[in-house]
Structure formats: structure tokens, C-alpha cells
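In: build me a model:
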Amino acid sequence: MTEHINDSNLVTAALSGDAAACAQIGSKDTISWLEAVLVKRGASRSEASDITADLIADCFGGKTGKPPLLEKYNGKGKLRAFLTRAAINRLIDYKRHAKFQGQLPNRNLDSAPTDEFDLLAGDDHASQPDEDQLVNLLRDALVHSFSKCDPLYLLLMRLVVVHGVRQDTVGTLFGWSQSKVSRAITSVMVTIKEETMAEIKAADPWLELEWEDFLSLCRSSTGFLVGAMGT
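Out: Presented below is the predicted three-dimensional model:
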């Protein structure tokens, strides 16, 4: 897939019924890539195949009259990142429902996961956007990491990294050398990384996200970061 500007045009064409655009989005390359993403993050081959097949089908027309998943793509990031978030969210949903049923994940499960979910009583996820659960998991882990940081170091990091204040200016404000400010920022960013990943692992031990995965997913959903930084 191309960069996100062209991705927007591709999605618009697909939603308009352009066969070539639909074929490009649902290509074997896209399917293989998404399946590999899911397997890397804890899905069995069968689970990855079923989740991906449902996801691609929903891109062009949701079940029970729901609008196509592609209508949720806002063009602010790459389409591949959008599909990644949707796929991982569905894997999260799959695993959590398996736990709800009191079963360990079945590595050889052949039935489509969404078919089983429809049978569960009290399911409150059906009306939520595909990215909500994953975004909530990322945001909660990030907010948790902030609570573990030295408040002053966190303030320095926000001034420099978020608001673009020069390190020497910050040092002057606090009577610190520039190198001391730099060390404080490095320290708090290490804490954020370690605590965020530890919290994600604690929340969903099977979800094999790496730090680069976290950063990539954040880049495709920057809106929640503003709320997290404001807590």
C-alpha cells in the first residue's frame, strides 16, 4: 500500500465500488501481512486466518447491516496501520472472550471467532469501534507509566519534547545544566517505556507487542495521547 495521502484516495475509490481498489486492499499481500502480524502477537495460524478473513470482508460491508469498516478510516495515517489496529483489536476481543468462557486459547480452533462471539450473552463490544479496545489498552498503559515517573522529570520532558522548549532554557529556569536536563529527560523516557510495556503485558500477557509496535500504533491514533498527557 502507498503512503496515507494515496491511501485516502484508495479507500474512497473502494467505498465507491471500484473493483481494482477493492482488490488492492484485499490483496494476498495484505492478507498475508495481517496474518503474520497476528501470529507474531500471539494468534495461532487458524485464528490469524479467520480474524483476517472477517476483517477484510468487513472492510467492504459489515455484518447485520453495519457500515463498511473502511468508513472509519480518517486518512490521518497509513491504511496498513489502520488495518493493523483493527486486526489486533479483534485478536484482543477474541482472547478476552475465550477467557470469559473459562477456556484457554485453543491453538487449533477452526471456527470463525466472530461467530462464537455472537453467541455470548451480555456482549457489549459489538457497538464499539474496532480500534477502541486497543486504544484504551495503550492509553491506560501510558497513563500508568506517567504515575511511575518522577513528577519533575516528567514536567521537564513535557516542556522539551511536547512543547518544544529548548533544554538550555529549561535548565536556566531550574538552575540546572543542560546535561542534567538531558539526563533527566532520558531517565523519564526510559521509565515510560519500561512501565508502559510492563502494564500492557500485565493486562494481556498473550499480546506480544514490542515498543516499536506501541509507537507505530500511537502514531496512527494520536488523539488519545493528548488526553493521556492531560491526565
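In: following the longest helix along the chain, which helix or strand comes up?
Out: If each helix of the chain is counted by residues according to DSSP state H, the longest one is helix 178-203. As assigned by DSSP states H and E, the chain's next helix or strand after helix 178-203 is helix 211-219.
In: which helices and strands sit right next to that following helix?
Out: With contacts defined as 3 or more Cβ pairs under 8 Å, 6 or more residues apart in numbering; DSSP states H and E, the packing partners of helix 211-219 are helix 79-100, helix 132-147, helix 178-203. Bear in mind the C-beta positions are built from the backbone N, C-alpha and C, glycine included.
In: list the buried residues of the second one.
Out: Of the residues in helix 132-147, those buried under the neighbour-count criterion (16 or more other Cβ atoms under 10 Å) are 133-135, 137-146.
In: identify the residues contacting residue 87.
Out: 34, 37-38, 51-52, 55 (Cβ atoms under 8 Å, 6 or more residues apart in numbering).
In: what about the residue lying closest to residue 177 once chain neighbours are set aside, is that helix, strand or coil?
Out: Closest residue to residue 177 apart from its sequence neighbours, by Cβ to Cβ, 6 or more residues apart in numbering: residue 171 at 5.8 Å. Assigned state for residue 171: helix (three-state reduction, DSSP: H, G, I helix; E, B strand; the rest coil).
In: go ahead and confirm residue 171 touches residue 184.
Out: No: the pair residue 171 / residue 184 is not scored as a contact, 9.9 Å apart, by Cβ atoms under 8 Å.
In: what about the two, which has more around it?
Out: Set residue 171 next to residue 184 and count neighbours by other Cβ atoms under 10 Å: residue 184 wins out with 23 against 18.
In: was I right to think the more buried one contacts residue 155?
Out: No: if you go by Cβ under 8 Å, residue 184 and residue 155 don't touch, sitting 9.5 Å apart.
In: please determine how far residue 170 is located from residue 39.
Out: In this view, residue 170 and residue 39 are 44 Å apart by Cβ to Cβ, to the nearest Å.
In: same question, residue 25
Out: Using Cβ to Cβ, we find residue 25 at a distance of 21 Å from residue 39.
In: okay, the two: which has more neighbours?
Out: residue 25 (20 against 16).
In: the more buried one: what's it in contact with?
Out: The contact partners of residue 25, by Cβ under 8 Å, 6+ apart, come to 1, 10-11, 14, 56, 59, 70, 79.
In: which pair of these spans the longest distance?
Out: Put simply, by Cβ to Cβ the two of the contacts of residue 25 set farthest apart are 10 and 56, 14.3 Å from each other.
In: tally of neighbours for the closest residue to residue 35 other than its chain neighbours?
Out: Distances taken as Cβ to Cβ, 6+ apart place residue 48 nearest to residue 35, at 4.3 Å, with adjacent residues excluded. Using other Cβ under 10 Å, residue 48 has 22 other residues around it.
In: what is the mean pLDDT for the host helix or strand of residue 48?
Out: Here residue 48 sits within helix 45-60, counting by DSSP H and E. Regarding helix 45-60, the rounded mean pLDDT is 93.
In: quick one, that helix and helix 79-100 angle?
Out: 120 degrees (axes from the mean of the first three to the mean of the last three Cα atoms, to 10 degrees).
In: counting contacts, what elements does helix 45-60 pack onto?
Out: helix 19-25, helix 28-40, helix 79-100, helix 113-117.
In: and the third one, which residues are buried?
Out: Taking 16+ other Cβ under 10 Å as the neighbour-count basis, helix 79-100 is seen to contain the buried residues 79-95, 97-98.
In: what does the second one give?
Out: By neighbour count, and taking 16+ other Cβ under 10 Å as the criterion, the buried residues in helix 28-40 are 30-31, 33-35, 37-39.
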